[in-house]
Every structure is written in C-alpha cells, then in structure tokens.
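Peer 1: sequence? don't have it. structure:
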C-alpha cells in the first residue's frame, strides 16, 4: 500500500482534545495497521479510531499553531498531508464558572495566580471605554501581526507594559473617532465615580488585583513586624493591619459559603473516591465468600493475588483490618481446598485444578506433593479395606464349609483389587507427571518462574515418589500373594514384625489350594493389570514385583493344573465300565486322552509368555518340578490301568460305581493289557510330542519312565493272566494223563485220542476264544505262550514216563501229534522243539502200518472236532 | 522521481474554495461527495473543515482547497476571516428550505463586504449559487425559477445539485474552479506591475487606519 495521504480534516482547528475526523487515502487496513498519528507534531496515537481506509477519528493533542497531520501505517509507512490543523490554546474555566466537562483543578489554582490571563479575560469582558467591541472576529487574524509589531507590549489595560495603540488597534480598529472620544469621556467619568456604592462588584471585578494587593500588604506587614519598627510607625501599621483585616474579613465573607461548600464537596468526593477506588478491597471478603460458594475459585485467587500485591504491606488501618479479614477467609478457603484435595477418589483434572488453586493461593509447603503422599496412603488403605471386606466373607464361607463360595469370594476379591490397582495407580502417576512437568500450573506448558520452582520441588521428591509407587505395587502384589500364593510369602517365625506384616496382608482360611482355573483367571487379571500399568512408563523396577508374582502364579497355576489332571486320571479307574470296543479297548484310554488334551488346551494359554515375561520353565527348580508332575501324570494312568485290572483296593464307598459287575479277573487282565497296549502305541507318543512342543522340560525322561512303567505293567498283567489261565491247563494234564490208573506200559491199542488231550484242547480253545473276543491282536501272543507251556508240560510228562509199552508209545505219539497239529497255527520254534523232544523220547514206530493207523486216528479225531479246531485257526 | 512530483505539485495552481450557506443545507455533504465519493447520512454540524484535492482543470494539474464552514449563526463572527482568504464561493441553500434560500443574500452581501467590492465589481468574485437536495423534489419549497431569478439578480450561475445522488456535484465545483482560474489569469495580466502580494496589502490597510487614529 502506498504511504497515507491526508486530504481532509474536520475541523481544521481546535483546542486540545478536539475530536478530529481525518480523511484521505491509504489510512491503513485496520486498527492494527495504524502505527501512529501525529497532529501538529504531537502524538495522538492513543485516541485513534480507525473507521475506514479513508477515514480516521482521533483527538487532537496539545500542539499549538498550524501543523501537519501525519499518519503512519504498517503497510504504507509515514504519510504526508495536503491540509493542516491549527491547534488552539486550551480553554480555561474560571473558579465560579459552570463547565460541562471535567476541569483539571491544578490548572484552576495556577489560573488564580496567572494574572495576565485573568486580566485578559477581564478586559475582554468589559471594555474600559464603555464601548462595545464591534469586531471580535478580527482579533484572531490580526493578533499575530500586532504581536510582532509591539514586541514588548501588551494590549491589556491592567498590564504594566500596556500599549494603548495595540489595545485600540485590536479592539477598536473600526470605531469612528467621535465614538472613541465618547469613550474617553466615559473613562474619565468612571474614574471619578464614587466606587463605594458597589464595593462588591469592584472586588469581584478586580479579584486578582485584590489578591495581589492582599499578598503584597501581607508581605509588608510581615516584613515590618520582622523589622520591629512598629514603635515609631505604630499608627501606620495599625491602620494597615486594620485595613488588612477588614479586607480579609470581607473577602472571607464573600467566599466563605462558597469555600465551605466546596470544602465539604471535596471531602465527600474524597471519601467517595476512596470508597470507589478501593471498593474492590472492601467488597473482597464478601465476594470471596460468594465466589467460593459459587465455585469460582479462579476468581477468588485472582482477587486475592490482586489484594495481596496491593495491600499486603499497607500502612492504612482500615485497609489492614479489611486485608486481615481477607487473609482469614483465604486461610479458611485453603483449609477447605486441602480437604477437598484429600477427598478421594477424584478425577485427575479436579485434583489438578484444586492444586493449582492452592498454589495460586500461595499455600506454604507443596500441596501437590502432600496430595500425592495422601493419595498414596489412600490407595493402600483402599486396598487393605478391600482385603478386609473379602477376607471376612471368605472366613464366613470357610466356617460354613462352602468351598464354592470361598472361590467366588476369591474371584471377586481379585477383580476388585486389580480394579483398584489399575484405576488408582495410573491416576497417582499422572498426577505426579503433571506435577513434575509443571503442567499442573499451566496447561500450555509455558515457562515461568513458578513452573520452574514447582519442577525443582518435584525433582527433589522423585526418589520418594518412586518408592511410594513401588510400595503401592508391592502391597498390591503381597495382597495377591497372601490370597493366592500364601506359600510364597516367607515369614521368619521369630521375627514379630515380619509376622505382623504377614498378617496385615490377610491370612486366608483353608489349606485346600484354589482351583487351577481360578489361578489362571488370576494370572490373566494380573497380566492385564501389568500391561495397563506398563503403559504408564513408571520408573524402572517399579513393576518387577508384579512380574515376579505373575511368574509365580503361572508356575503355581501350571502345577495345579497338572495335579488336578492327575487326580482326574486317578479317578478314571472308577469310571471303567468294561465295555470293550471292537479294537479291544475300553473308553479308559480315550478318556485319559481327552483329559490330557483338555489339560494341554488350558495350559497352552498359560505357557505363552507375554513380551517381557520370564518363560515359565526358565528356572531349574520349576523345570524339575513340572517334569516330575508330568511324569506322574502318565504313571498315574498306568497305575490306574493296573489297579482297574486287579480290582484291588476298591474303596467301599465307590461300590456304587460298579453298577455292572466287573468281568472276571482273566478278562480284566486281557482288557488291561489291551488298553495298555493301545495307550502305549497310539496315545502316549503324540501326547508327549504336544507337551514337547509346549516346551515342557525333560519330556524325554518322562517318555523313558513311562515306557519302562508300561512295559513293566504289561509284563505283570501278562504274567498274571498266564498264571491264571495256563497253570490250571498244564496242571490238569498230569492228572488227566493218569486218570483211571492209566499205565503207559500196559494199555490197549490206541483207538482214539485220550480225553486229557481233548480237555486240554478244549481249554486252549476257551482261552483262545476269550482273548479273541476281547482283543484279537493279543491272540497270537497269548496262544503261543499257552502252546509253549502245554508243549513244555507234555515234554516233562513224557520224560517222567519210565516204562512204556508199544501201545502206550502209540497212544502217546497220537496224543502229542494231535495236539501239535491242532495248535499248529500258534507253534513256535520252542514249542516245536519241545514237541519233537517229547516224540523223540518215545520209542520209534516200528512199521509203516503203525504210522498209517496213527494218521488215520488223527484224521478221524480232527474230523470229529472239525469246528472246534477250526476256531483255533483264527489268528487274530 | 519523488522530488520531481513534489515540484509538480507545488507548481500546480491552488484554488481556494469556500463553502457557505445556512446550517444543514448540505455543504459538508457536497464536499465529501466531491472529495471522497461518499454520502454521509448523519448530521453533525461543521465548525470549519479543510480539504485539498488534486484535479485536472482544462488539461492542467491543479489543486482545490476546500474550506467547509459552519452554517450556524454561532460561528458567524469568524466567517469574515475565512471569507477573506477564499478565492471562490459555493453559496449553498436547500431547495427544501426557503429560509436557507433567503439567507443566501446575506451571505452574498457579507462576502462582498469582506472582499471590499461594490456592486460594479461584484462580478470579479467567483461565486456560484447552489440549490442542493435536488433529489427531494417532493419537498421542494424553492422553485427553480425563483432561484434562477435570484442568481440573475446577483449576476452569478445557478446550479441544482444532489449530494446524495452526486448529481451536478462535479459540475458545481468545476464551474467554480473555471471561474476562479479565469479570474486569476485576469488579475495576473492586470497586475504584473503591482508586484505585491495580498498580505502586505492587508497590513497596509491596518496601518492606514492607524494613521487615522
């Protein structure tokens, strides 16, 4: 924008303070664009009012005479003007004149002594020539020129340097000569007139003169008194004094009433002024009270600060009294605020506000820190209260043997405790943050000495704050431990303090550990709490104890899970219903499988370490314990099978479970073997693999232990079975052989296989069918052993025969061969060897006829027992 | 450049115009309309306002200095001074106010007296009779014929203007400026030998009267 140009001014002249409209071009874009306006070289910027870019309004200053109007704008710089303003001398108002505007009274006093000015006014009012000044308008214009002409003179008739020519030129330039003559005559007349008739008017008219005379006379009087020449000129002084007094009295009479009323007005005005000026202070106590009630704390603080800066070291009694009152109220207010700050829980913003108020009130000490300490105490107290509440409930439950109720109480306790921790610790920390960064004083973070001071105070308290926080977290952790991990709280029995401390965390009733699900819930909650607290970026190490407790909880939870699973597995035995599937397996192994799978599912979540968490198996002690538990889990199952099979130690109260009478021992043994076999081959390896995938420690050891245990059990079961089945069979051979006083040496020619062989065969078939019906897979294994045993027994019996006849020999051969051929499907090398050995002991066949007869008999036998023998062909 | 311009500005002739007329006839409105193309609705009595503007008169740069005077009787005493310094006069009345029309004669007489001219030389004073508020035709109290008659009697031009619609505003000012310019050219031609400015003349006048005393 080009520089401003002033092309118009309205009005073009005036006394100081005249409202002037300035017009022109480029007079700024807005009020802020105006840097300054000068009229007649005097700054008028204070009064400038921007109307438009072509119009400004301001008030003229004290510049006198014709001068420039300069507008300076930011956008255009210093301007020029084509018109000018003429500043006039300020108007004066006499002491007895009414004026519509405020009069500066200092000037009024000066004016009384300003003789020239006064007389000028006087002379203007009354013309000494008694003529009307016909042309006052001329004066202004001609004045300057006349003043140049009469440099040392004055047009004032009362002035010492009165120049009559100037007076006449100024006042009577156009007066005709004869009129001036009349004026002269009038002046003479007036001078001769007795002025006593109007002394008052005279005094009024020549008041300044009177003042001066009075002053001069007083001076003379004083001097005379001083010189002490009263003796010689006593009359003169007396007269003078009398006159003086008289004049004084007259003057006083004249002005007494005026002066008195003025004095009164002055004093009233003064009082009013004082009241008005300090209205703020006098109203303050009341307004403080009102604002506190309204909750406008900010206003209260502002007022107080203002009052403090203004009146705190006042010497005026009234102010002191009022200010003390103010101080009292503020003190009460502080107390009230402090109480309010300590009311918890409170939202952070409210706390901050209250603390800011307290700081604003210039509270001694550090309200923020006090608040923090108090809050710390409050949080701890709240936690302890929470503990007491639930502990009581838990004790009640424990007294009523309400295990379920106790668990519920524990869960609720956990919930509430973590809630307290998660909600209050962050509040606490945030407050500290605001305190330490100074945000509490100024939201915008602007720097000021107050903020710096606050920060300094905060940095001193940092360590303490850290320990406060750690205390809170440790209390939280210990309360958790007391409730959920009582074993982890070590107490020195001797140390009373220690015991007291332990008791303060609450001794929870009941020895029975909490269910693993509750513990895992607990882990989840505490993890949640930890993750929330971690976001706060608390001082390093504060949350370590929380991390520890999580770890402990996880370990405990894991081992509890394992133990619980173990108990469940142990109980499986009682659920055995002996219903055999087509694979020869009851539901026992699958139930075991399901249990373990369930366990795996629960444990998986638990084992997953969150970032920053110590893995569960990181510690050696934990490793060996868990490994032990895992091994036990599998061992329990094998023992479960064992005990189910032998049906020993069935507790009397579990009889109800055996709604179906369990099958006989032999069948149970077979089922046991089958189950075990199934478990070993199909279940254990995959399960262990899964555990391995979950990083369970020492799974190999478990596997080995497990393998050996199963193998052992298998052998035991198998042996038991053989014992129960084969021994009666083989034991029956000898008595059968010699039944009816049979004599190998003296017997008939064999016509058929002897009955004991038939019985033995029938027994074998029975065993076969038993095993086959349960588990075909086991048939070979059982049968080979059975045949082996039979073969061995036969060999023994044959060896025991001392004398044997031809018929006997034939009979024996028939028997042995028959049984060998019948059980050929299950023959082993050992059984064959035993059979051959037995046959070898017998005398050799002498001729082929015997052989033929033998074969015929065998064939006949076989054909008779075709169906029975066919059954043995089923190998499984 | 700037110096050059300044020089030009100072060389450009300056014509001093005085706005006279009764209170409220629209002197200031005419002035502001002419100066700033602005119509001021609210009425604020003027004391004495001064404006200056560059104009192009007959193809030459010129400056017009407008003194907007007070119409109110209260300021009558100081008018003489202003009138003395004026080179041309726009005597304004309102066509909706017959008294303002009547008062134009008094203004005319006062000007002639201050300028010390008699009826024979009255034509040397550039003077325009202006009937303002021509937009308020419905409230007209002064007929155009009456105004024209008075103007003829005075021996001056008559223009009807409207400060509100800017009708004839420029014409009134420029007509007057042309009169002033013409009159100045005449005086310059007449007075090369005189060699004196106005001011000493005034002083001389004062001195003359002194001697009478």
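Peer 2: Cool, got the structure. No experiment lies behind these values; they were computed from the predicted model shown. Residues are numbered from 1 along each chain as shown, chains lettered A, B, ... in the order given.
Peer 1: Select the helix or strand of chain A having the lowest average pLDDT value.
Peer 2: Taking mean pLDDT, DSSP states H and E as the measure, the helices and strands of chain A show their lowest mean at helix A:115-125, namely a mean of 44.
Peer 1: Quick check: longest helix in chain B by residues?
Peer 2: Assignment by DSSP state H gives helix B:169-190 as the longest helix of chain B.
Peer 1: What average pLDDT does stretch A:309-319 get?
Peer 2: In this model, stretch A:309-319 carries a mean pLDDT of 77.
Peer 1: One more: stretch A:500-510?
Peer 2: Averaging pLDDT residue by residue across stretch A:500-510 gives 70.
Peer 1: Which positions in that stretch come out as buried?
Peer 2: Of all the residues in stretch A:500-510, those buried under the rule 16 or more other CB atoms under 10 Å in any protein chain shown are A:502, A:505, A:506, A:508, A:510. (Glycine included, C-beta is placed from N, CA and C.)
Peer 1: what residues does that stretch touch?
Peer 2: When contacts are defined by CB atoms under 8 Å, 6 or more residues apart in numbering or on different chains, stretch A:500-510 is touched by residues A:384, A:387-388, A:391, A:394-395, A:398, A:403, A:406, A:410, A:478-479, A:481-483, A:486, A:489, A:491.
Peer 1: which of the residues you listed are buried?
Peer 2: By neighbour count, with 16+ other CB under 10 Å, the contacts of stretch A:500-510 hold A:384, A:387, A:391, A:394-395, A:398, A:406, A:410, A:478-479, A:481-483, A:486 as buried.
Peer 1: So what's the predicted local confidence for the residue nearest to residue A:865 when sequence neighbours are not counted?
Peer 2: In space, and not counting its chain neighbours, residue A:865 is closest to residue A:761: 7.2 Å by CB to CB, 6 or more residues apart in numbering or on different chains. Per-residue pLDDT puts residue A:761 at 82.
Peer 1: Please identify the helix or strand for residue A:761.
Peer 2: Per DSSP states H and E: residue A:761 is located in helix A:755-774.
Peer 1: now residue A:728
Peer 2: Remark: residue A:728 resides in helix A:699-737, with elements defined by DSSP H and E.
Peer 1: other SSEs contacting that helix?
Peer 2: Contact here means 3 or more CB pairs under 8 Å, 6 or more residues apart in numbering or on different chains; DSSP states H and E; on that basis helix A:699-737 packs against helix A:620-646, helix A:665-678, helix A:685-693, helix A:755-774, helix A:779-800.
Peer 1: so where do the helices sit in the stretch 301-450 of chain A?
Peer 2: For the stretch 301-450 of chain A, applying DSSP state H, counting those that start in this stretch gives helices covering A:317-341, A:348-360, A:367-399, A:403-437, A:449-460.
Peer 1: closest one to residue B:162 among those helices?
Peer 2: Across the helices of the stretch 301-450 of chain A, the minimum distance to residue B:162, taken as CB to CB, is reached by helix A:348-360, at 64.8 Å.
Peer 1: And that closest one, how far out from the chain middle?
Peer 2: 18 Å (CA atoms, centre = their mean, to the nearest Å).
Peer 1: tell me which residues of it are tucked away?
Peer 2: Using 16+ other CB under 10 Å as the test for burial, helix A:348-360 gives A:351, A:352, A:353, A:354, A:355, A:356, A:357, A:358, A:359, A:360.
Peer 1: now swap in stretch A:303-323 and tell me
Peer 2: Here stretch A:303-323 shows A:303, A:304, A:307, A:308, A:311, A:319, A:322, A:323 as buried, counting by 16+ other CB under 10 Å.
Peer 1: got the contact list for residue A:432?
Peer 2: Contact criterion CB under 8 Å, 6+ apart gives A:372, A:458, A:465 as the residues in contact with residue A:432.
Peer 1: Most neighbours of all the residues you listed, which one?
Peer 2: residue A:372 (25 neighbours; other CB atoms under 10 Å in any protein chain shown).
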